[in-house]
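A.B. asks: missing the sequence, but the structure's below:
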């Protein structure tokens, strides 16, 4: 009777590939579908009794699993001294617990063919978004009406970021697949046009800039950076002169600065972020080692500005500052260690995979300077999937699975 509650390995093998494809497709498209597929994958992982011992060993033997678990445990300890209610602090803890899904997904992503298909599922979702975005703007298709411009399934911020990522993935694919280069180039151009003419998300522009520079560096090193900077200057100058949408977003930065100088933070996106950062650093200076506790940022920010008429926030729009404020230097070190290990491990992959994963990682790390992305549902699950792809690459390599990552990595040359 008890055994009927569990799943055999045969059932796992049949269901997991479909669920992984749905999960990757759902991330930029549907919150409900993302949640549902992740819960189903987690349930299969827990109730798949035949492979459960291997799953547990897989989860804790890999250094990335250790770093991920350490960050979750540190956030859990942060509940003990948090200055807010358990309900409020567990809301933040829940965001970080999503990271526990990284080794779970990685366990099922050990086949390279499945890894490739999962990445393609994400790209297909963005191609669908691209097509519907064009139809929404030019044919007035009544879809995604609660979002601005060409955003369909998610906000302009999320959509622009994922569109830049999809353009990057397709570009890498085109570089290594000459036979498909023409149609891939057309898709990439359509995505770039979307970013500058159909989207008001500046994070997409920033991500595109970062990814162009990284590809140029990867291929030609210092010479590539010069080529990249020149290319970016020409692209952005061309878009500024021809795209009213893009030029308005750039000009808005000047207006934001004026509003900030006048202390009109509610009207200034740039100014409010500067104020968030300054306050975060001030609160961190008062609790530098272990922070104010998990989930305590909003209350600490409010207390710091008590008695003043200033725009309040529940997060600093910077993942590093949020870790510093809530978990102190210990939290920042743990987060940076996780990011560092991911970066180093991804450098051990083949040239194409290293370029692909490192580009996505770099854009995420820089995005965390402007957003608290581990607290955002969609972006954090994208990071979970990306991390799982890195984790899975080394699942069968004994020298990497052992708890000696720095010894092995130090002698490797980065791609």
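C.D. replies: Perfect, thanks for sending it. Given the structure is predicted, the values throughout are model-derived calculations rather than measurements. Numbering: from 1, shown residues only.
A.B. asks: who's in contact with stretch 26-41?
C.D. replies: 15-16, 19-20, 22-23, 25, 101, 104-105, 108, 122, 125-126, 128-129, 153-154, 158-159, 162, 377-378, 381-382, 385 (C-beta atoms under 8 Å, 6 or more residues apart in numbering). From N, CA and C alone the C-beta is placed, and that goes for glycine too.
A.B. asks: Just the buried residues of the strand or helix carrying residue 44, please?
C.D. replies: Residue 44 belongs to helix 31-47 when assigned by DSSP states H and E. Under the neighbour-count criterion of 16 or more other C-beta atoms under 10 Å, helix 31-47 has 34, 37-38, 40-41, 44-45 buried.
A.B. asks: okay, those in CSV with distance to residue 390 and pLDDT next?
C.D. replies: Below are the buried residues of helix 31-47 laid out as CSV (distance: C-beta to C-beta, whole Å; pLDDT from 0 to 100):
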residue, distance to residue 390, pLDDT
34, 20, 98
37, 20, 98
38, 18, 98
40, 23, 96
41, 18, 96
44, 22, 91
45, 18, 90
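A.B. asks: Out of those, which comes closest to residue 367?
C.D. replies: Closest approach to residue 367 among the buried residues of helix 31-47 (C-beta to C-beta): residue 34, at 18.5 Å.
A.B. asks: Skipping its backbone neighbours, what lies nearest the closest one in space?
C.D. replies: Of all residues not flanking residue 34 in the chain, residue 26 sits nearest, at 4.3 Å (C-beta to C-beta, 6 or more residues apart in numbering).
A.B. asks: Could you check the pLDDT of that neighbour?
C.D. replies: If you check residue 26, the pLDDT there is 98.
A.B. asks: Same question for the one 10 residues further on.
C.D. replies: If you check residue 36, the pLDDT there is 98.
A.B. asks: Distance check, it against residue 109.
C.D. replies: With the distance defined as C-beta to C-beta, to the nearest Å, residue 36 ends up 19 Å from residue 109.
A.B. asks: Over to residue 178?
C.D. replies: Remark: distance between residue 178 and residue 109 (C-beta to C-beta) = 27 Å.
A.B. asks: Tell me which of these two has more neighbours.
C.D. replies: Taking other C-beta atoms under 10 Å, residue 178 and residue 109 do not tie; residue 109 has more neighbours (22 against 9).
A.B. asks: Quick one: residues contacting the spatially closest residue to the more buried one that is not a sequence neighbour.
C.D. replies: Using C-beta to C-beta, 6+ apart and skipping the chain neighbours, the partner closest in space to residue 109 is residue 392 (4.0 Å). Residues in contact with residue 392 (C-beta under 8 Å, 6+ apart) are 105-107, 109-110, 115.
A.B. asks: And these, which is closest to residue 147?
C.D. replies: residue 105 (28.0 Å).
A.B. asks: Next one, pLDDT for the closest one please.
C.D. replies: At residue 105, pLDDT is 95.
A.B. asks: May I ask you to confirm that it belongs to a strand?
C.D. replies: No - secondary structure assignment (DSSP: H, G, I helix; E, B strand; the rest coil) places residue 105 in helix, not in a strand.
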